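S.K.: next come a sequence and a model predicted from it.
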Amino acid sequence: MATLTKDDILKASVSTEVVPLDVPELGGTVYVRGISSGERDGYEQSVMQLRGDKLVPKLSNARAKLIVLALSDEEGARLFSDADVTKLGEMPAKASQRIFDKARELAGLSEEDVSELEGNSGADQSA
């Protein structure tokens with residue numbers, strides 16, 4: 001395997017994978033894109049809050065927050081802004097879960113990561 005240069009890494013960081021996803025609950029196909037490390041950090045921060053000295057999950061519209069970041073056009077340009085989170089939270093749950101699962105996969109969020117964010121992990125979540 002070749003050793004990557006700084007330019008190789010920076011060039012790769014601007015492209016994201018974009019995949020079509022059939023969502024029969026919505027009657028069609030959407031495009032879901034991978035997100036950047038910074039977007040993932042922002043997402044994770046948005047679904048956690050500090051209560052006293054502990055980090056606890058903040059699950060209100062957690063799926064919609066990731067969906068907003070990941071739904072795109074064919075070229076990978078985001079379709080929605082952060083202001084659309086509440087409205088996307090009204091999407092049918094089955095459709096939302098289908099899109100969330102693909103967005104999670106493309107973001108590199110494992111099921112363990114999601115469980116930890118939801119507070120279902122046995123790990124200490126102290127700040």
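M.R.: Great, that's in hand.
S.K.: would you mind measuring the gap between the ends of stretch 82-99?
M.R.: In stretch 82-99, first residue to last residue: 17 Å (CA to CA, to the nearest Å).
S.K.: go through that stretch and flag the buried ones.
M.R.: 85, 88-89, 91, 95-96, 98-99 (16 or more other CB atoms under 10 Å). (Each C-beta comes from the backbone N, C-alpha and C, glycine too.)
S.K.: ok, stretch 64-77 next?
M.R.: Result for stretch 64-77 [16+ other CB under 10 Å]: buried residues 64-72.
S.K.: check this protein for its longest helix and report it.
M.R.: Identified as the longest helix of the chain according to DSSP state H is helix 93-107.
S.K.: how distant is it from the center of its chain?
M.R.: Computed by CA atoms, centre = their mean, to the nearest Å, the separation of helix 93-107 from the middle of its chain amounts to 8 Å.
S.K.: mind giving me the packing neighbours of that helix?
M.R.: strand 18-23, strand 28-33, helix 37-46, helix 62-70 (3 or more CB pairs under 8 Å, 6 or more residues apart in numbering; DSSP states H and E).
S.K.: tell me the buried residues in stretch 56-65?
M.R.: Residues 58, 61-65 are the ones in stretch 56-65 that count as buried (16+ other CB under 10 Å).
S.K.: ok, the residue nearest to the spatial centre of the chain to residue 76 distance?
M.R.: The residue lying closest to the centre of the chain (CA atoms, centre = their mean) is residue 66, at 3.4 Å. Distance, residue 66 to residue 76, using CB to CB, to the nearest Å: 16 Å.
S.K.: circling back: could you check the angle the longest helix of the chain makes with strand 18-23?
M.R.: 160 degrees (axes from the mean of the first three to the mean of the last three CA atoms, to 10 degrees).
S.K.: just want the angle from helix 93-107 to helix 37-46.
M.R.: 130 degrees.
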